[in-house]
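*Asks:* what's the 3D shape of this:
(chains A, B, C and D)
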Number of protein chains: 2
Amino acid sequence: MISGKFAITIHILTLLTKFPDEYLSSEFIAGSMNLHPVLVRKEIANLKKNNIVESKEGKNGGTKLLKSASNISLDTIFKMTFDTVTLGFSKNTPNPNCPVGKKINENLENLYENINEKISLQLSGITLENFSNQF
Amino acid sequence: MISGKFAITIHILTLLTKFPDEYLSSEFIAGSMNLHPVLVRKEIANLKKNNIVESKEGKNGGTKLLKSASNISLDTIFKMTFDTVTLGFSKNTPNPNCPVGKKINENLENLYENINEKISLQLSGITLENFSNQF
DNA sequence: TCATACTGTAATAAAATATATTACAAATAT
DNA sequence: ATATTTGTAATATATTTTATTACAGTATGA
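*Replies:* Numbering: from 1, shown residues only, chains lettered A, B, ... in the order given. The predicted structure is shown next:
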């Protein structure tokens, strides 16, 4: 299902790209987003799990990129922050006694899968460097 | 923002396609979806506004397609039921004093717009008839 | 013409999800 | 040591989605 994680994560990464040699604190990042530092740290946890950033605890700690922005594609971020784009309707439990109800989920899922592939394909052509250069 | 409207609307239309000559009641349709009839009627109101279905009030009333399923593309439904797919984060009010915060919304919106175009393009190649034939 | 079976729609409630906050342990620079 | 920062769990608030209630209006046909 859709969430704001993608947008938040892209924002974090854009900042990290602009200061590739510094450890940025979650408070600094949160300040750029008008967001709570804990949310930033949660997304950073996800980025760490995916080996995109590293972070340092303690005083003067913070987070920095683990690899060059030119080697990070937006598709990676997309996949990291979504299960799939579904066009909605999580609680879809149709009537199994209806021929349409019985197969609707399967058919919608196929459709969504195709959509997700298209989105992935498009995003795989955009690097974090590309995106960050717009700022 | 994403919603279940697309899925609900597709489900309604699939049923209408299967019974193109009958007026189906919102209760019958809701029964196939395990959904409240009022929600169905709301989406039907939207379909009517877009001249895709007509409905008849009163006893034996209901809803039927106004045109052939082969002349209705899923892209039309997509555009009818979404503003845009945004990948989230409605309450995005970043810090205007930060160079990144200042431009992030504009840049994300561009990205989303491109994604929406790709989705549209793909869905425009699928008719309601195509979709319904899977059942 | 009246009972019945529908649609249409507004108002409200409940549930689900997303976002924000609090709290505090653990780490590290100075 | 102290100050500053991350990490994370627990909880609270806000927002969005979905469901329900209520009832007026309309057509059908006995």
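*Asks:* continuing past the strand or helix carrying A:Glu109, what's the next helix or strand?
*Replies:* For A:Glu109, the host element (DSSP states H and E) is helix A:99-124. Counting by DSSP H and E, the next helix or strand C-terminal to helix A:99-124 is helix A:128-132.
*Asks:* what's that next one in contact with?
*Replies:* Outside helix A:128-132, the residues that touch it by C-beta atoms under 8 Å, 6 or more residues apart in numbering or on different chains are A:10, A:13-14, A:17-18, A:68-70, A:72-74, A:77, B:107, B:111. C-beta coordinates here come from the backbone N, C-alpha and C atoms, glycine included.
*Asks:* still on that earlier bit, list the buried residues for the helix holding A:Glu109?
*Replies:* A:100-101, A:104, A:107-108, A:111-112, A:115-116, A:118-120, A:122-123 (16 or more other C-beta atoms under 10 Å in any protein chain shown).
*Asks:* ok, A:Ser25 - contacts?
*Replies:* Contacts of A:Ser25 (C-beta under 8 Å, 6+ apart): A:Gly61, A:Gly62, A:Thr63.
*Asks:* With A:Thr17 instead?
*Replies:* Neighbouring residues of A:Thr17 by C-beta under 8 Å, 6+ apart: A:Leu65, A:Ala69, A:Leu128, A:Glu129, A:Ser132.
*Asks:* Equivalent analysis for A:Ile44, please.
*Replies:* The contact partners of A:Ile44, taken as C-beta under 8 Å, 6+ apart, are A:Ile12, A:Ser26, A:Val53, A:Ser55, A:Thr63.
*Asks:* in which helix or strand would I find it?
*Replies:* helix A:37-49.
*Asks:* Any buried residues in that helix, and which?
*Replies:* Buried positions in helix A:37-49, judged by neighbour count with 16+ other C-beta under 10 Å: A:Pro37, A:Leu39, A:Val40, A:Arg41, A:Glu43, A:Ile44, A:Asn46, A:Leu47.
*Asks:* right, is that helix up against DNA strand C?
*Replies:* Yes. Against DNA strand C, helix A:37-49 shows contacts by C-beta under 7 Å from any atom of the strand at A:Val38, A:Leu39.
*Asks:* and what of stretch A:10-29?
*Replies:* No. If you take C-beta under 7 Å from any atom of the strand as the test, stretch A:10-29 misses DNA strand C, and the best it gets is 9.3 Å.
*Asks:* how far does that stretch sit from the chain's center?
*Replies:* Centroid displacement of stretch A:10-29 relative to its chain, using C-alpha atoms, centre = their mean, to the nearest Å, is 15 Å.
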